[in-house]
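Chemist: can't give you the sequence, but here's the structure:
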């Protein structure tokens with residue numbers, strides 16, 4: 001993601017609107033129609049504004065203890081109709097519960113806590129993570 005890790009800062013993603021436009025451009029370039037957006041940790045800065053602005057373009061949303069959930073009001077989340085699987089490790093005592101507190105306002109959500117996993121639950125317990133993810137994907141139309 002621009003501005004994260006070893007990538008240089010990018011003015012185009014300095015705002016939420018810029019991050020929505022960037023993600024929209026990536027999805028268009030990849031030719032993706034109604035993808036399921038999986039958003040772990042820092043990618044929440046891109047995925048959450050996209051979900052709120054263009055959630056109708058997604059078949060599903062899977063936030064994995066994303067950052068930035070407190071940046072939005074419960075009423076904003078309540079307007080989103082995208083099927084959502086809120087995933088986090090049950091040993092993630094910070095971001096997992098914090099994200100759940102905000103994301104529980106999404107009307108079409110399910111919650112899956114990965115037992116014995118920390119913040120990066122997809123690395124700590126990949127089989128459990130994938131089992132929850134695949135179960136959610138199978139239920140999407």
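Modeler: The structure has been received and is ready for your questions. Small disclaimer: the values here were computed from a predicted structure and weren't measured. Residues are numbered from 1 along each chain as shown.

Chemist: ranges for the helices of this structure?
Modeler: 16-29, 44-54, 74-78, 95-103, 121-124, 126-139 (DSSP state H).

Chemist: Go through the ones you listed and name the closest to residue 65.
Modeler: In terms of C-beta to C-beta, the element of the helices of the chain nearest to residue 65 is helix 95-103, at 4.2 Å. For the C-beta atoms, the positions are set from N, CA and C on the backbone; glycine is no exception.

Chemist: The closest one packs against which elements?
Modeler: When contacts are defined as 3 or more C-beta pairs under 8 Å, 6 or more residues apart in numbering; DSSP states H and E, helix 95-103 packs onto helix 74-78, strand 84-89, strand 109-114.

Chemist: show me the contacts for the residue lying closest to residue 81 once chain neighbours are set aside.
Modeler: In space, and not counting its chain neighbours, residue 81 is closest to residue 108: 6.1 Å by C-beta to C-beta, 6 or more residues apart in numbering. Contacts for residue 108 (C-beta atoms under 8 Å, 6 or more residues apart in numbering) come out as 80, 81, 82, 83, 84.

Chemist: neighbour-wise, which of those leads?
Modeler: Neighbour tally across the contacts of residue 108 (other C-beta atoms under 10 Å): the maximum, 26 neighbours, falls on residue 84.

Chemist: list the contacts for that one?
Modeler: 60, 61, 62, 63, 103, 106, 108, 109, 110.

Chemist: Closest one to residue 89 out of the residues you listed, please.
Modeler: Closest to residue 89, out of all of the contacts of residue 84 and judged by C-beta to C-beta, is residue 63, at 13.0 Å.
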